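Visitor: Okay, sequence plus prediction incoming.
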Amino acid sequence: MSDPTSEVQSESPGSRSGFLSWLIIGLILMTALSLLAVHLPERLKLILVYAVVYGLVAGAMLSTLAVKTGLTVTRGILLTIVILTIAGQGLVLYLSHQRYQAATLRQFKLDQTTLVIDRMFATGEPPEDPQARKEYDQVLEQFQAAKKERQEKKEHLLKISSYLEHRISPVARLNAPWPLLFWLVELTLCCVAAVWASRQVTQPATPDSEPIETAQTDQESTES
């Protein structure tokens, strides 16, 4: 008779390697899913719906992979799926912010007005007339103030908080911290959707045909 302890010990390294294989492949798949989500057309990135669909796809994909790998979807696996989903959403946010930054910088580079005026003041000579010199200094001061304001606006637009505001702008104009709180709500719904999809994939199907087969067997035994 085989010793149960030795069976557990022999199965433990295999299950550990199976979990590591599942985790590595899961990371690759979640990275690919996040890249795909980032490059989707903007009209498909509906607020709330976009995050829920991401969670459903992630949960179903990772739980199916776990079953194919021979793992039992336990609470530990579900917790790992939630962590991978959060990491995937974080990657989506990071990459989307990078694209938003690049688009913002392109817009600022296309506007050459500030550069032209700056060169004009740098190469031009201030007038000698006192009244004209006073007006010249006032215009220069206004220009410097506008330049500073433009630089502050540029720095603000490059922040992630600005991207979060831009992201929900089609729905509502909200200032910090509401866009961040809204994203956290989406993240929560995404994780809930991932857990729900995982349970649906791993939930055993109810054998509807079993009562019919049992009745047929009883009938055949009665006739014999």
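Guide: Sure, I can see it.
Visitor: Could you measure from the closest residue to Thr85 other than its chain neighbours over to Gly59?
Guide: Of all residues not flanking Thr85 in the chain, Ala194 sits nearest, at 4.5 Å (CB to CB, 6 or more residues apart in numbering). Where C-beta positions appear, they are placed from N, C-alpha and C, glycine not excepted. Distance, Ala194 to Gly59, by CB to CB, to the nearest Å: 3 Å.
Visitor: pLDDT below threshold where in this structure?
Guide: Low-confidence segments of the chain, defined by pLDDT under 70: 1-14, 108, 110-129, 131-158, 204-224.
Visitor: now the strands for it?
Guide: Here the chain has no strands by DSSP state E.
Visitor: got the residue ranges for the helices in it?
Guide: Secondary structure of the chain (DSSP state H): helices located at 4-38, 49-69, 75-110, 113-123, 130-157, 160-167, 178-202, 210-223.
Visitor: Next, the contact list for the residue nearest to Thr85, please.
Guide: When contacts are counted by CB atoms under 8 Å, 6 or more residues apart in numbering, Ala194 touches Gly55, Leu56, Ala58, Gly59, Leu62, Ile81, Val82, Thr85.
Visitor: quick one: it and Ala60, what's the gap?
Guide: Counting by CB to CB, the gap from Ala194 to Ala60 is 8 Å.
Visitor: what number of residues lie near Thr69?
Guide: If you count neighbours by other CB atoms under 10 Å, Thr69 ends up with 17.
Visitor: An error on my part: the question was meant for Leu23.
Guide: Leu23 has 17 neighbours, counted by other CB under 10 Å.
Visitor: What of Leu65?
Guide: Number of residues near Leu65 (other CB under 10 Å) recorded here: 18.
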